[in-house]
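Student: I would like the atomic coordinates for the input below:
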Amino acid sequence: MKAAVLYGNEDIRYDEYPTPEVKPGTVKVKVRATGICGSDVPRVLHNGAHFYPVVLGHEFSGDVVEIGEGVTNVKVGDTVSGAPLVPCLKCSDCQNGNYSLCKHYSFIGSREQGSFAEYVVMPAINAVKYDASIPYEQAAMFEPSTVALHGVMCNDYQGGEYVAVLGGGTIGIFTMQWAKIFGSKKIVVFDIDEGRLALAKRLGADAVINTTKENYLHEAMEITEGKGYGYVFEAAGNTATMHMAFEVAANKAHVCFIGTPHVDMTFTPKQWENMNRKEFKLTGSWMSYSAPFPGREWELTAHYFATGQLKFDPEFIFRKFPMAKVDEAFALYKNPSQVHGKILLINE
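Tutor: As a prediction, this is how the structure comes out:
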């Protein structure tokens with residue numbers, strides 16, 4: 001088959017690659033659309049791969065074309081997305097349903113062949129069936145949606161409160177939608193990009209705030225009548241938004257860091273003291289799985305995509321490239337400020 005093969009740093013080529021074989025308990029999927037995740041960028045551009053050569057890619061949709069012995073949850077012809085984590089299912093974390101915390105896991109698209117290819121083989125349990133009416137491009141967004149929902153679940157979310165989502169990227173906008181589906185009092189998205197803020201508003205945000213404004217914090221607190229936000233979700237992995245989370249949180253708030261920082265970060269005593277004085281609860285969120293594997297995050301994404309309540313907008317997608325032009329797609333990330341949204345690779 002053809003695949004986008006990473007041979008070394010900045011050396012990714014559309015090339016011949018062995019077609020993966022189906023084994024008992026696995027399924028083969030013809031990949032139709034696959035997204036480039038932020039975690040793929042350092043693997044390609046900054047010596048971040050576990051080994052070479054490797055086929056990356058873990059956000060994808062496609063059609064089941066072959067099933068292995070013993071597979072009963074899907075059949076040939078089903079449209080599926082793929083949950084990329086392959087947990088050991090034996091350690092204490094897995095036994096407690098905390099698959100994201102498994103220390104002995106594999107991962108489709110980093111530790112084993114991924115979806116930047118014509119075909120991918122995965123355990124049948126990882127194949128998430130979805131309604132065929134959902135376009136492949138939308139279904140390739142399953143994984144970002146589940147990451148967002150996992151953060152909502154980690155934050156012990158309940159409706160009826162003011163909600164702040166810091167960062168209007170793909171995961172931030174999905175986080176906003178999940179919080180709204182489950183009953184926010186009023187939800188506000190914060191970002192520096194007017195285009196992303198307009199998208200957030202179009203998909204259901206009650207208000208949006210551009211944090212480049214000098215008085216943005218006053219505007220944010222005014223919405224809550226000075227009380228602050230009962231639930232705060234940091235979805236950018238940016239030092240500024242992580243500091244911001246401590247500022248906009250209400251007394252007794254729930255604060256969740258979904259974003260992953262990439263630089264050292266410091267807090268002044270006054271900034272950190274917000275957590276003490278407000279007695280808010282701070283938690284992290286990692287990946288997107290729960291019991292029974294792969295979890296409610298994946299089941300509910302399939303359901304709410306199908307009903308239309310979890311909305312998809314073409315502006316989620318910044319650019320689409322044929323898989324054969326994968327090198328051109330990654331070249332854009334050499335200047336990441338020019339990438340505004342998801343880049344998809346399409347098998348034509």
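
Student: Helix, strand, or coil at the residue nearest the centre of the chain?
Tutor: Note on the chain: the residue nearest the mean C-alpha position is Pro144, at 2.3 Å, using CA atoms, centre = their mean. Three-state call for Pro144 (DSSP: H, G, I helix; E, B strand; the rest coil): helix.

Student: Not counting sequence-adjacent ones, nearest residue to it?
Tutor: Leaving aside its chain neighbours, Pro144 sits nearest to Thr170 (4.8 Å; criterion: CB to CB, 6 or more residues apart in numbering). All C-beta spots, glycine's among them, are computed from the backbone N, C-alpha and C.

Student: need the contact list for that neighbour.
Tutor: Met141, Pro144, Phe316, Gly341, Lys342 (CB atoms under 8 Å, 6 or more residues apart in numbering).

Student: now it: how far from Pro314?
Tutor: Separation of Thr170 from Pro314 (CB to CB, to the nearest Å): 13 Å.

Student: likewise Lys281?
Tutor: 37 Å.

Student: who's more crowded, the two?
Tutor: Per other CB atoms under 10 Å, whichever of Lys281 and Pro314 has more neighbours is Lys281, with 14 against 9.

Student: And for the spatially closest residue to that one that is not a sequence neighbour, the neighbour number?
Tutor: Among residues not flanking Lys281 along the chain, His254 sits closest, at 5.2 Å (CB to CB, 6+ apart). Residues lying near His254 (other CB under 10 Å) number 22.

Student: I'd assumed His254 was in a strand, is it?
Tutor: Yes. The assignment for His254 by three-state DSSP puts it in a strand.

Student: would you list every one of the helices in the stretch 51-200 of the chain?
Tutor: Using DSSP state H, counting those that start in this stretch, the helices found in the stretch 51-200 of the chain span residues 92-95, 136-139, 142-154, 170-181, 194-202.

Student: What's the mean pLDDT across the fourth one?
Tutor: Along helix 170-181, the predicted local confidence has a mean pLDDT of 97.

Student: quick one: it to helix 194-202, angle?
Tutor: 20 degrees (axes from the mean of the first three to the mean of the last three CA atoms, to 10 degrees).

Student: one step back: pLDDT check: weakest of the contacts of Thr170?
Tutor: Minimum pLDDT across the contacts of Thr170 is recorded for Gly341, with 88.

Student: okay but Tyr136 is in contact with Ser61, surely?
Tutor: Yes. Using CB atoms under 8 Å, Tyr136 is in contact with Ser61, at 4.7 Å.

Student: Who has more neighbours out of these two?
Tutor: Neighbours were counted for Tyr136 and for Ser61 using other CB under 10 Å; Ser61 has more, 28 against 20.

Student: ok, the closest residue in space to Glu112 that isn't next to it in sequence to Pro18 distance?
Tutor: Leaving aside its chain neighbours, Glu112 sits nearest to Ser106 (5.5 Å; criterion: CB to CB, 6+ apart). Computed as CB to CB, the Ser106 to Pro18 distance reads 18 Å.

Student: ok, those two, which is more surrounded?
Tutor: Counted by other CB under 10 Å, Ser106 and Pro18 do not tie: Ser106 has more neighbours, with 14 against 9.

Student: Beta-bridge partners for the more buried one, please?
Tutor: Counting by DSSP bridges, Ser106 is bridged to Val86.
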